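>>> Attaching a predicted model along with its sequence, questions to come.
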Amino acid sequence: MTESTSDQQLLYVNDQLSDEEIQREADLYGPLTDSVRGLIAATLQTEVGESDVRRARALIGEAASLLRAKAIPGPYGVRWGASGRKRGWGNAADGLRNAVAPPLNIRTDPDGRARTDFHLGPQYEGPAGLVHGGVSALILDQVLGDAAVAGGTPGMTGTLTLRYRRPTPLGDLYAEARVDRVEGVKTIVVGHISGSDGICVEAEGVFILPRWAREAIAEQNASTAG
Ligand SMILES: CCCCCCCCCC(=O)SCCNC(=O)CCNC(=O)[C@H](O)C(C)(C)COP(=O)(O)OP(=O)(O)OC[C@H]1O[C@@H](n2cnc3c(N)ncnc32)[C@H](O)[C@@H]1OP(=O)(O)O
């Protein structure tokens, strides 16, 4: 295991928060994140005068200083509470505390399916009026990955293959994924994003349980058996 792999594993934390405490945090930070999303769109779309732009910038600086007064030094990581409820709140695709995330609100089924109705505003533009292809990749990576998790065979993305069939319009969209097959440590998942005119982007992903996770599970199984 490399040093960076072991450092990364330290970001998986069981903090023993109760479901009530987690809900209180979600109720506090979710609306903050939504406000910042609104700010990102307003920053892009505003046409107010120069002095108002300067004033807004000062107010944003003040808000950032207020929040930074007490803050974690690095990434949020992945945390679990006492009941095992998982919080990937820093996740760039669907993190509750990450204003960069659209967000996705992905629903999953234990048979290895995931789906989401979501909205992409002007901050996700690539070609004029259309979704940036890298943003579509971000979303499909997450939805396909969640399908693998839901099916009981989680993994890191090894390969993600995309076919952009037609331009993806900004606005209301839908994505879904399903586990196609499991081959040893590899889970192959397929899915797509569609808009009102049909499928825009198709994806196939190979999700692999990393070697360090396989070794940890094998060690745990050996100690349980012993
Ligand atoms: C733990 C669950 C976490 C879930 C989080 C979901 C988050 C959302 C998705 C992401 O954004 S993940 C971030 C993007 N992906 C990465 O950063 C992955 C970086 N790459 C790695 O960490 C490793 O290369 C990887 C885990 C993908 C594979 O390393 P291993 O050391 O476990 O692979 P190994 O050499 O033991 O090969 C195992 C099998 O996978 C195959 N393989 C390895 N790398 C592959 C690859 N890149 N693509 C396809 N297949 C691959 C390999 O041929 C072999 O196939 P066979 O079993 O059939 O022999």
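In hand now; what should we look at?

>>> how close does the most centrally placed residue in the chain get to residue 29?
With distances taken as CA atoms, centre = their mean, the residue of the chain nearest its centroid is residue 93 (2.8 Å). Here residue 93 is placed at a distance of 17 Å from residue 29 (CB to CB, to the nearest Å). C-beta: built from backbone N, CA, C; applies to glycine.

>>> burial of the residue of the chain found nearest the ligand, as a residue count?
Ranking the residues of the chain by distance to the ligand (CB to the nearest ligand atom) places residue 158 first, at 2.9 Å. When neighbours are counted by other CB atoms under 10 Å, residue 158 registers 14.

>>> Please parse this structure into its domains.
Taking automatic domain parsing as the domain assignment, the record places the domains of the chain at 1-101, 103-226.

>>> Include mean pLDDT when you put those into CSV, please.
Formatted as CSV, the entries for those read as follows, by pLDDT from 0 to 100:
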stretch, mean pLDDT
domain 1-101, 93
domain 103-226, 96
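
>>> Identify, out of the ones you listed, the most deeply packed stretch.
Neighbour counts (mean count of other CB atoms under 10 Å) averaged over each of these peak at domain 103-226, with a mean of 17.

>>> before we move on, the earlier item: thought residue 140 was touching the residue nearest to the centre of the chain, still the case?
No - counting by CB atoms under 8 Å, residue 140 is not a contact partner of residue 93; they are 9.4 Å apart.

>>> before we move on, the earlier item: quickly find the element holding the residue of the chain closest to the ligand.
Taking DSSP states H and E as the criterion, residue 158 maps to strand 156-164.

>>> ok, now residue 61?
Take DSSP H and E as the rule and residue 61 turns out to sit in helix 50-68.

>>> With residue 40 instead?
When elements are assigned from DSSP H and E, residue 40 belongs to helix 19-45.

>>> excluding its backbone neighbours, what's nearest residue 163?
Nearest residue to residue 163 in three dimensions, chain neighbours excluded: residue 202, at 4.6 Å (CB to CB, 6 or more residues apart in numbering).

>>> ok so, going back, let me see the contact set for the residue of the chain closest to the ligand.
The contact partners of residue 158, taken as CB atoms under 8 Å, 6 or more residues apart in numbering, are 186, 205, 206, 207, 208.

>>> Which residues does the first one form beta bridges with?
It stands for residue 186. On the basis of DSSP bridges, residue 186 takes part in beta bridges with residue 183, residue 208.

>>> That one and residue 204, how far apart?
Using CB to CB, one gets 12 Å for the distance from residue 186 to residue 204.

>>> which is the next helix or strand following the host helix or strand of residue 204?
For residue 204, the host element (DSSP H and E) is strand 198-208. Of the helices and strands lying after strand 198-208 in sequence (DSSP H and E), the nearest is helix 211-225.

>>> Just send the contacts of residue 158 back as JSON lines, with distance to the ligand too.
Formatted as JSON lines, the contacts of residue 158 follow (distance: CB to the nearest ligand atom, whole Å):
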{"residue": "186", "distance to the ligand": "5"}
{"residue": "205", "distance to the ligand": "8"}
{"residue": "206", "distance to the ligand": "4"}
{"residue": "207", "distance to the ligand": "8"}
{"residue": "208", "distance to the ligand": "4"}
